[in-house]
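**Q** Structure for this input, please:
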Amino acid sequence: MKSKGKKVDEIHRPRMIPRWVMELAEQEKGTDPCFIMAKKLTESDLNPWQNRLIIHAGFVNAHLIPFLSDEEKAAASLLDDDGRKRMKPSSGAGCSKKMKLAGGGVEAGAAEEKEKIIKKKKEVGRMHGGLRVPVYVGANKWKAFVVLTHWDSSNRTVLKGGEYSRYLARWSGIKKGEEVELWGFRQGESGRPCFALHRKGDAEGN
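**A** As a prediction, this is how the structure comes out:
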């Protein structure tokens, strides 16, 4: 029971936004960053043949689902066939009520719009492999385009493919055993979701 409580605390405890992540969001004229997940990198996370970074379910439920709009969840295969969320329900896109999207964002509106989203999910999500998103790594802001998706077979949510093995796994300098945090923010007027991978080895303020 004790270890379970520890896990919950790790998922929900308040985090300090790394300075470089805040600067990046400002540079992109985006929203304030919100915490998505923390983990210690494994060998498989950095294996170019595996070509993916797993986001554990607890963090998906608590942070990733509320960050994404319904349309983005559908594209990432995070909705069931009938349009229900696979994970814990959220109040909509965004990190918290006080974090507003600069210039507006993608929101699912009326029932008809939701029906379109559900229909589009199979095309964009499962058939085409997920939601394409940029990920920035470390204070040097290495940038890679990867795909956010949910695998039905293993019931896992991952960042995968695209430039993952080339830029994130090889050139970014991140290593096995390093503790990292994944942060999300929305970019400028487009409202596109972006992610930043912070290495805990770096100074908290950098």
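
**Q** Now do the helices in the protein.
**A** Taking DSSP state H, the helices of the chain run over residues 2-12, 19-27, 43-46, 57-59, 65-67, 70-75, 111-121.

**Q** pLDDT (mean, whole number) over the second one?
**A** What that stands for is helix 19-27. Taken as a whole, helix 19-27 has an average pLDDT of 94.

**Q** follow-up on the earlier one: least confident of the helices of the chain, on average?
**A** Here these differ in mean pLDDT, and the lowest is helix 111-121 at a mean of 52.

**Q** Does residue 65 touch residue 76 like I think?
**A** No: Residue 65 sits out of contact with residue 76 when judged by CB atoms under 8 Å, with a separation of 10.0 Å. Backbone N, C-alpha and C define where each C-beta goes, glycine included.

**Q** Please identify which of these two sits among more neighbours.
**A** For residue 65 and residue 76, the more surrounded residue by other CB atoms under 10 Å is residue 76, and the numbers stand at 26 against 19.

**Q** mind checking how far the residue lying closest to residue 179 once chain neighbours are set aside is from residue 174?
**A** By the measure of CB to CB, 6 or more residues apart in numbering, the closest residue to residue 179 outside its immediate chain neighbours is residue 200, 3.7 Å from it. The spacing between residue 200 and residue 174, counted by CB to CB, to the nearest Å, is 11 Å.

**Q** the more surrounded of these two?
**A** Each of residue 200 and residue 174 had its neighbours counted (other CB under 10 Å), and the higher figure belongs to residue 174 (20 against 13).

**Q** give the contact list for that one.
**A** The neighbourhood of residue 174, defined by CB atoms under 8 Å, 6 or more residues apart in numbering, consists of 41, 46, 137, 138, 168, 180, 197, 199.

**Q** Now do the contacts for the residue nearest to the first one when sequence neighbours are not counted.
**A** I take that to be residue 41. Leaving aside its chain neighbours, residue 41 sits nearest to residue 178 (5.2 Å; criterion: CB to CB, 6+ apart). Residues in contact with residue 178 (CB under 8 Å, 6+ apart) are 40, 41, 199, 200, 201.

**Q** How about residue 163?
**A** Residues in contact with residue 163, defined by CB under 8 Å, 6+ apart, are 144, 145, 146.

**Q** try 6 Å
**A** 144, 145 (CB atoms under 6 Å, 6 or more residues apart in numbering).

**Q** Same question for residue 17.
**A** Residues in contact with residue 17 (CB under 6 Å, 6+ apart) are residue 33.

**Q** how about a cut-off of 10 Å?
**A** Contacts here follow CB atoms under 10 Å, 6 or more residues apart in numbering; on that basis residue 17 touches 25, 32, 33, 34, 35, 181, 183, 185, 196, 198, 204.

**Q** could you dump those residues to a markdown table with neighbour count?
**A** As requested, those are arranged in a markdown table below (neighbours: other CB atoms under 10 Å):
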| residue | neighbour count |
| --- | --- |
| 25 | 25 |
| 32 | 18 |
| 33 | 24 |
| 34 | 20 |
| 35 | 23 |
| 181 | 19 |
| 183 | 26 |
| 185 | 27 |
| 196 | 25 |
| 198 | 26 |
| 204 | 11 |
